[in-house]
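In: Mind looking at a prediction? Sequence and model below.
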Amino acid sequence: EVQLVESGGGLVQPGGSLRLSCAASGFTFGSYLMSWVRQAPGKGLEWVANIKQDGSEKYYVDSVKGRFTISRDNAKNSLYLQMNSLRAEDTAVYYCARTGGGYSNGYWGQGTLVTVSS
Amino acid sequence: QSALTQPASVSGSPGQSITISCTGTSSDVGSYNFVSWYQQHPGKAPKLMIYEGSKRPSGVSNRFSGSKSGNTASLTISGLQAEDEADYYCCSYAGSSTYVFGTGTKVTVL
């Protein structure tokens, strides 16, 4: 059974940093492109970043470029999102997702809430 | 990277069919057959319903179908059921390994 479990969310002050983790199991992690998607409270879904299978290529939505870094450790079956210079508008539930055919996300974690507030 | 446009809400009676539109541009929906659709119930993670425009993942009811014409993709739910009441989001590949979601549509079963 495919499982994705996010952790690392919490309350952080504006300008602060946070590192999210996503532990994957039930599939060959290193064979899949992986993504982070977020959802602000009461709002829609927003793609944040994705990373190629070997970690060689990374892509970001414009609003997080230069502040967020996606990474992965295939030996540990883990995906990460390092978030720096956090802003109030980064407040959201962050989901990790396994990306498959046609850039569709067939499996999602339960999400972890990040709140940026003073 | 502007969000795709969806109607805010769509409603229908049990047994009816409804269609949700998803309008993008020639840079995303119009250029690729990589549109996916997600169902999200309150407090839950999204669930993939349609991928690559019209394909259904294993386990998804055949009451859900997808199509595309030009810069607009559509999701049709036939034989509407109470459990179909949820938010629905489209998503399109936008080139250079990026993708963009739609604004979301709340489906209400009357």
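Out: Good, I have the coordinates. Just so it is clear, the structure is predicted and the values come from calculations on it, not from any experiment.
In: Export the helix or strand where residue B:37 lies to PDB, keeping only CA atoms.
Out: Using DSSP states H and E, residue B:37 falls within strand B:35-40. Output of strand B:35-40 as PDB, limited to C-alpha atoms (Å, rounded to 0.1, in the frame of the first residue of the first chain):
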ATOM      1  CA  VAL B  35      -5.200  17.600 -17.600                       C
ATOM      2  CA  SER B  36      -6.100  15.900 -14.400                       C
ATOM      3  CA  TRP B  37      -9.100  16.300 -12.100                       C
ATOM      4  CA  TYR B  38      -9.200  15.900  -8.300                       C
ATOM      5  CA  GLN B  39     -12.100  15.400  -5.800                       C
ATOM      6  CA  GLN B  40     -11.600  16.800  -2.300                       C
END
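In: And the average pLDDT for that strand is what?
Out: Per-residue pLDDT over strand B:35-40 has a mean of 98.
In: could you list every residue that touches the closest residue to residue B:18 other than its chain neighbours?
Out: Closest residue to residue B:18 apart from its sequence neighbours, by CB to CB, 6 or more residues apart in numbering or on different chains: residue B:12 at 4.3 Å. Glycine gets a C-beta too; all of them are placed from N, C-alpha and C. In this structure, residue B:12 makes contact with B:18, B:77, B:80, B:107-110, judged by CB atoms under 8 Å, 6 or more residues apart in numbering or on different chains.
In: Repeat that for residue B:80.
Out: B:12-18, B:109.
In: for chain B, what are the nearby residues on chain A?
Out: A:33, A:37, A:44-47, A:50, A:52, A:57, A:59, A:61-62, A:95, A:100-106, A:108-111 (CB under 8 Å from any CB of the partner chain).
In: try 10 Å this time
Out: A:4, A:6, A:33, A:35, A:37, A:39, A:43-47, A:49-52, A:57-63, A:93, A:95, A:97, A:99-111 (CB under 10 Å from any CB of the partner chain).
In: Tell me which stretches of chain B form strands.
Out: Secondary structure of chain B (DSSP state E): strands located at B:9-12, B:18-23, B:35-40, B:47-50, B:64-69, B:72-77, B:86-93, B:99-101, B:105-109.
In: still on that earlier bit, and the strand holding residue B:37, which strands flank it?
Out: Using DSSP bridges, the strands paired with strand B:35-40 in its sheet are strand B:47-50 (antiparallel), strand B:86-93 (antiparallel).
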